[in-house]
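Q: model this:
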Amino acid sequence: MLEVLFAAAVAVVRLPAPEARQGVAVDAHAVYAVANSTIARYDRGTGRRVGAFEGDPSKFPHMNSCAVIGRELVCAASNYPATPMVSQVEVFDPATLAHLRTAPLGRQGGSITWVDRWEGSWFAGFANYDGRGGEPGRDHRATKVVRFDDHWRARETWTFPADVLARFAPKSNSGGAFGADGRLYVTGHDRPELYVLEVPRGGGVMKRVATIAIPVDGQAVAFDRSEAGVMFGVNRASREIVGFRLPPVEAK
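A: Numbers count the residues shown, from 1 in each chain. Predicted coordinates:
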């Protein structure tokens, strides 16, 4: 594979959103800013806030990211920074932000940070940390990706390559989504970088094929499925949602 190091993405839209703290989801009509127990829906045409879910923090302490999958808004949620780490998937109606159901995952050896659907399976990232929110005996090097079946039973596991783990430290993997090319695009907690990974069949260690400079400081990201090559992320410091166009990552 051709390794593209620090090719730059180009920002194409910026939208103020006070809830832009953890991540963002996007569909053809709206963007959704995620902030722990809150999800806010913004109209893409006007930038106007048109809806919100305000959850009880005792029940929704840490929703880290969401993704529009089919007709649902699917969110990765955990009890971070509490331990032992417990994870669940929360599902909402994207039009109304009504909470539809919870899929409890229990203890998975990490704290879920993102979820996506690819080739008929669910995939999720599970973070581990060197400090706050971590568990004894594991650090950022234990961060992993798990494939689940439709009943949320774990089927395969992947670990990150050492060069990507070094960029995560001392935090972990915050965002992830599959691109149309079948590669996994992931972010860390605070670096303005997007890591493009090949995911081998059957589990194992993923391979980094590119690092792309992005105009957001890590956190969760989402592909705009209505426009090829465009992703969205959040800038926590400026409280804004940012859409950016990715450079091509070619094969040899």
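Q: and stretch 21-36, C-alpha only, in PDB?
A: Provided in PDB are the C-alpha atoms of stretch 21-36 (Å, rounded to 0.1, in the frame of the first residue of the first chain):
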ATOM      1  CA  ARG A  21     -17.700  18.200  23.000                       C
ATOM      2  CA  GLN A  22     -17.400  14.500  22.200                       C
ATOM      3  CA  GLY A  23     -18.400  13.800  18.700                       C
ATOM      4  CA  VAL A  24     -20.700  14.300  15.800                       C
ATOM      5  CA  ALA A  25     -23.100  12.300  13.500                       C
ATOM      6  CA  VAL A  26     -24.300  13.400  10.100                       C
ATOM      7  CA  ASP A  27     -27.000  12.600   7.500                       C
ATOM      8  CA  ALA A  28     -28.200  14.400   4.400                       C
ATOM      9  CA  HIS A  29     -30.300  16.800   6.400                       C
ATOM     10  CA  ALA A  30     -28.800  17.300   9.800                       C
ATOM     11  CA  VAL A  31     -25.700  17.200  11.900                       C
ATOM     12  CA  TYR A  32     -25.800  15.900  15.500                       C
ATOM     13  CA  ALA A  33     -23.500  17.200  18.200                       C
ATOM     14  CA  VAL A  34     -22.800  14.800  21.100                       C
ATOM     15  CA  ALA A  35     -21.900  16.000  24.600                       C
ATOM     16  CA  ASN A  36     -22.100  13.200  27.200                       C
END
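Q: Quick one: mean pLDDT for it?
A: Average pLDDT, stretch 21-36: 96.
Q: Val24 and Ala8: what is the separation?
A: 20 Å (Cβ to Cβ, to the nearest Å). (C-beta placed from N, C-alpha, C; glycine too.)
Q: if you count what's nearby, which of these two comes out ahead?
A: Neighbour count, other Cβ atoms under 10 Å: between Val24 and Ala8, Val24 has more, with 30 against 13.
Q: got a list of what the most centrally placed residue in the chain touches?
A: Geometric centre of the chain, nearest residue: Gly175, 2.7 Å, by Cα atoms, centre = their mean. Neighbouring residues of Gly175 by Cβ atoms under 8 Å, 6 or more residues apart in numbering: 23, 65, 113-114, 125, 186-187, 218-222, 233.
Q: Against Ala127, how distant is it?
A: Taking Cβ to Cβ, one finds Gly175 at 10 Å from Ala127.
Q: Quickly list what's touching both of these two.
A: Contacts common to Gly175 and Ala127, judged by Cβ under 8 Å, 6+ apart, are Thr113.
Q: can you give me the strands in the stretch 51-200 of the chain?
A: 62-69, 72-78, 87-92, 99-106, 111-118, 121-127, 144-148, 154-159, 175-178, 184-187, 193-198 (DSSP state E, counting those that start in this stretch).
Q: Tell me which residues touch Trp158, please.
A: Taking Cβ under 8 Å, 6+ apart, we find Trp158 in contact with 144-146, 199-200, 203-206.
Q: I'd like to know which of the strands of the stretch 51-200 of the chain is closest to Val31.
A: For the strands of the stretch 51-200 of the chain, the distance to Val31 is smallest for strand 62-69, at 9.8 Å, taking Cβ to Cβ.
Q: Now find how far off-centre that closest one is within its chain.
A: Taking Cα atoms, centre = their mean, to the nearest Å, one finds the center of strand 62-69 at 7 Å from the center of the full chain.
Q: now stretch 90-109
A: The answer for stretch 90-109 is 15 Å, by Cα atoms, centre = their mean.
Q: how about the CA coordinates for it, as CSV?
A: C-alpha atoms of stretch 90-109 as CSV (Å, rounded to 0.1, in the frame of the first residue of the first chain):
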residue,chain,number,x,y,z
GLU,A,90,-28.0,3.6,22.8
VAL,A,91,-30.3,4.0,19.9
PHE,A,92,-32.4,7.0,19.0
ASP,A,93,-34.8,8.2,16.3
PRO,A,94,-32.7,10.8,14.3
ALA,A,95,-35.7,12.8,13.4
THR,A,96,-37.2,13.3,16.9
LEU,A,97,-34.2,12.2,19.1
ALA,A,98,-36.6,10.0,21.0
HIS,A,99,-34.7,7.2,22.8
LEU,A,100,-35.6,3.9,21.3
ARG,A,101,-33.6,1.2,23.1
THR,A,102,-30.4,0.2,24.9
ALA,A,103,-28.1,-2.7,24.0
PRO,A,104,-26.1,-3.5,27.1
LEU,A,105,-22.6,-4.8,26.4
GLY,A,106,-21.4,-5.1,29.9
ARG,A,107,-17.6,-5.4,30.5
GLN,A,108,-15.7,-5.7,27.3
GLY,A,109,-12.1,-5.1,28.5
